[in-house]
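# Curious how this folds, go ahead:
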Amino acid sequence: MIVEYIRYTIPEDQADDFLAAYATAAAALDAAPECLSYELSRGHEEPERWILRIEWTSAADHEQGFRGGPHFPAFFAAIRPFVDQIDEMKHYERTAVAT
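Model prediction:
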């Protein structure tokens, strides 16, 4: 399993559209067997900061399976207006320091 974090900076006047885009994109994540879980969080102190956390079965399953599969086009179409506002998009490996 691998965890992907995508950090965004979204101006307040685009927040509702951003949230709606990910609500739509979530259907593609739900349908994708490579996606184990996901969570979109908004900054409390800085509400223009957003983090999407996605657990994938593996980095290869994400990059080749999901991106090359039938669910990616709908996912990308929903979030496309916000791609230029990505600050970071990286995969991370979990450690034993967890609950």
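# Would you mind measuring from the residue most central in space within the chain to Arg42?
Geometric centre of the chain, nearest residue: Leu52, 4.3 Å, by C-alpha atoms, centre = their mean. Applying C-beta to C-beta, to the nearest Å, the value for Leu52 to Arg42 is 10 Å. All C-beta atoms are positioned from the backbone trio N, CA, C, and that covers glycine.
# Repeat that for Phe76.
Counting by C-beta to C-beta - Phe76 and Arg42 are separated by 22 Å.
# So which residues make contact with the longest helix along the chain?
Looking across the chain with DSSP state H, the single longest helix is helix 15-31. Contacts to helix 15-31, defined as C-beta atoms under 8 Å, 6 or more residues apart in numbering, come from residues 8, 10, 35, 38, 40, 42, 47-48, 50, 52, 54, 71-72, 74-75, 78-79, 81-82.
# Equivalent analysis for stretch 53-69, please.
If you take C-beta under 8 Å, 6+ apart as the criterion, stretch 53-69 is touched by 1-6, 29, 32-41, 72, 91.
# Can you list the buried residues in it?
Neighbour counts over stretch 53-69 (16 or more other C-beta atoms under 10 Å) mark Ile54, Glu55, Trp56, Thr57, Asp61, His62, Gly65, Phe66, Gly69 as buried.
# would the last one count as being in a strand?
I take that to be Gly69. No - counting by DSSP: H, G, I helix; E, B strand; the rest coil, Gly69 falls outside a strand, being coil.
# per-residue confidence at it?
Note on Gly69: pLDDT of 98.
# Same question for the fourth one.
Per-residue pLDDT puts Thr57 at 98.
# how much space is there between it and Tyr38?
The gap separating Thr57 from Tyr38 is 13 Å, by C-beta to C-beta.
# try the last one
As for Gly69, its distance to Tyr38 is 16 Å (criterion: C-beta to C-beta).
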